[in-house]
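> got a structure for you, letters missing:
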């Protein structure tokens, strides 16, 4: 089974798509699923899933419920549930998550912190604060 399939358990349709030719600068906040295939600089916050395509580049602080990463993130990442990194994924920053899945070939250059139940509730509060 591939790490990245078209449908995942509990996922709903993508609400926002940032296409390959799109460049977004600033603070980006959504309550729904986000798919990034272009470039984002600033911050991204969603209370749902964030999917980052293989050619996407994100230079931002990231906060999401679930992360499915094939591209590159330069910045700190906070994931309240599950972070999945494919073999082409690159994270140049710290990752905080409850569950981490990393395929062979993925690059993490930063500190990885695994959440416990008490830390998870504190993390959700931090995601809400970041999403002002």
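In hand now; what should we look at? Model, not experiment: these values are computed from the prediction. Numbering: from 1, shown residues only.
> helices and strands around the strand ranked longest in the chain, which ones?
Criterion DSSP state E: the longest strand present in the chain is strand 57-69. Under the contact criterion of 3 or more Cβ pairs under 8 Å, 6 or more residues apart in numbering; DSSP states H and E, strand 57-69 touches strand 39-46, strand 49-52, strand 72-74, strand 77-85, helix 117-130. Bear in mind the C-beta positions are built from the backbone N, C-alpha and C, glycine included.
> For the residue most central in space within the chain, list the residues it contacts.
Compute the mean C-alpha point of the chain, and by Cα atoms, centre = their mean the closest residue is residue 67, 3.7 Å away. Residue 67 makes contacts with 49-50, 52, 77, 79, 82-84, 97, as judged by Cβ atoms under 8 Å, 6 or more residues apart in numbering.
> So what's the gap between the longest strand of the chain and the chain middle?
In terms of Cα atoms, centre = their mean, to the nearest Å, the centre of strand 57-69 is set 2 Å apart from its chain centre.
> Show me which positions of that strand end up buried.
The neighbour-count check on strand 57-69 (16 or more other Cβ atoms under 10 Å) flags 57-58, 60-69 as buried.
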